[in-house]
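Peer 1: need coordinates for the following:
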Amino acid sequence: MAVHSFTLVPAAYVFLLRETGSDTEVLLQLRRNTGYMDGHWACGSAGHVEANESVVDTAIRETHEELGLTLSPADLVPLTGMHRTNGGTEPLEQRVDWFFSCRTRTGEPRVMEPEKDGGLRWFRLADLPDTTVPHERAVLDALTAGDVPAIMTFGFGLGEDSERYHVALPH
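Peer 2: Model (predicted):
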């Protein structure tokens with residue numbers, strides 16, 4: 001039996017949420033000049049975990065760097081952990097993402113990295129743009145349905161013609 005070892009690329013995502021009447025909205029940013037999913041709407045705040053940094057510290061740091069907001073660990077609500085792949089076997093194709101939601105924060109979100117961010121916009125969870133990054137959309141769809149599993153997978157065992165979506169494990 002061949003043994004394969006992969007390096008997982010860890011990242012933190014923070015979905016800023018707000019209530020507007022009976023609707024819940026999420027803040028998304030339009031990606032540009034990043035080389036990955038440019039022209040798609042993505043989580044307002046996300047980034048890779050750096051050496052000797054916890055995923056919670058990453059979430060707080062990225063939210064400050066990308067949106068100018070100050071968060072505390074208590075502001076973050078864990079949503080799910082996602083193991084995903086783009087189908088390749090290279091280490092950069094193997095990822096683990098931690099998703100958080102946040103309804104409490106200090107400051108108003110603003111574009112802090114205009115070279116990578118084509119603008120911010122609040123969207124109703126029930127009316128997300130078709131051009132939402134697919135693995136992020138999977139989490140948002142689960143949040144909209146009110147059933148976000150503790151662990152999600154994305155991109156494993158799906159054929160080219162299959163719908164790219166997640167397989168959820170029960171809590």
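
Peer 1: and the gap between residue 106 and residue 70?
Peer 2: 4 Å (C-beta to C-beta, to the nearest Å). Every residue, glycine included, has its C-beta placed from N, CA and C.

Peer 1: just checking, what packs against the biggest strand by length in the chain?
Peer 2: Using DSSP state E, we find that the single longest strand of the chain is strand 9-20. Taking 3 or more C-beta pairs under 8 Å, 6 or more residues apart in numbering; DSSP states H and E as contact, the helices and strands that strand 9-20 lies on are strand 23-31, strand 41-43, strand 45-48, helix 55-67, strand 94-102, strand 117-124, helix 134-145.

Peer 1: and that strand, how far out from the chain's middle?
Peer 2: On the basis of C-alpha atoms, centre = their mean, to the nearest Å, the separation between the geometric centre of strand 9-20 and that of its chain is 6 Å.

Peer 1: and it, what's buried?
Peer 2: Along strand 9-20, the positions that meet the burial threshold by neighbour count (16 or more other C-beta atoms under 10 Å) are 10-17.

Peer 1: same deal with stretch 65-84?
Peer 2: Under 16+ other C-beta under 10 Å, the buried positions of stretch 65-84 are 66-67, 69, 71, 75-76, 79-82, 84.
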